[in-house]
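Q: Structural data only, the sequence is not supplied:
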């Protein structure tokens, strides 16, 4: 199992939702990972049956700016050596252009990765807030757990979801009175924590479908997860 992936199993482990082999592997990791032990203890104090995983502490808001500034300063510190022969001006210009393009691509890629990481951390923070609310209920089903707070805020913790290619995404829905409302998009993984964007009231049904990238206005596929807010189904 990849190092980053095993950190994400904290929520499923706290729910006793891992199989025997996964549990043994996670417990072996837990014995030497202080960060995961602290996460597990902290969330156990506020939620009796659910925890969430985090890959690292929340990065400072100015992290991206500092990384890009550092990259720019490193380019400025390069000391050119005098060549033994003169390099044509056109060749120098071409090299400079290639370097500029490469830096632009790298910066764009880094920015995208930071945006995705910040979004994931923000989602985990929302899940933690829902878990911590007094009176939050945990409704277990075969693929994971639905957590519903007294305020109606809710989160899904799912496990062993196949990773989709870029053409598709998982989409959550909340239906009450037979009309599904879009409640969030997410990708697969060994352990996935999803804060729902729609409130889950008594009698509501939470569903998950596989849809085209970007999501849809209404489900186009049969849901592979269906769980009622008051009872468990699958």
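A: Happy to help now that I have it. As the structure is a computational prediction, the values presented were derived from the model and not from experiment.
Q: Give the other helices and strands that the strand or helix carrying residue 23 contacts.
A: Assigned by DSSP states H and E, residue 23 belongs to helix 20-30. Other elements packing on helix 20-30 under the criterion 3 or more Cβ pairs under 8 Å, 6 or more residues apart in numbering; DSSP states H and E are helix 3-7, helix 10-14, helix 34-44. Just so you know, the C-beta spots here come from the backbone N, C-alpha and C atoms, and that holds for glycine as well.
Q: Now the weakest link among these, please, by mean pLDDT.
A: For these, the bottom mean pLDDT is recorded on helix 3-7, which sits at a mean of 65.
Q: How is this protein divided into domains?
A: For the chain, automatic domain parsing gives the domain ranges 1-56, 63-117, 134-234.
Q: From the opening residue of stretch 190-208 to its closing one, how far?
A: End-to-end distance for stretch 190-208, by Cα to Cα, to the nearest Å: 16 Å.
Q: Look up how far residue 141 lies from residue 152.
A: For residue 152, the distance to residue 141 equals 19 Å [Cβ to Cβ, to the nearest Å].
Q: okay, these two: which has more neighbours?
A: residue 141 (18 against 15; other Cβ atoms under 10 Å).
Q: what sits against the nearest residue to residue 193 once chain neighbours are set aside?
A: Counting by Cβ to Cβ, 6 or more residues apart in numbering, residue 193 lies nearest to residue 127, which is 4.5 Å off, once chain neighbours are set aside. Counting by Cβ atoms under 8 Å, 6 or more residues apart in numbering, residue 127 makes contact with 52, 147, 155, 157, 193, 194, 195.
Q: now the angle from the helix holding residue 23 to helix 34-44?
A: 110 degrees (axes from the mean of the first three to the mean of the last three Cα atoms, to 10 degrees).
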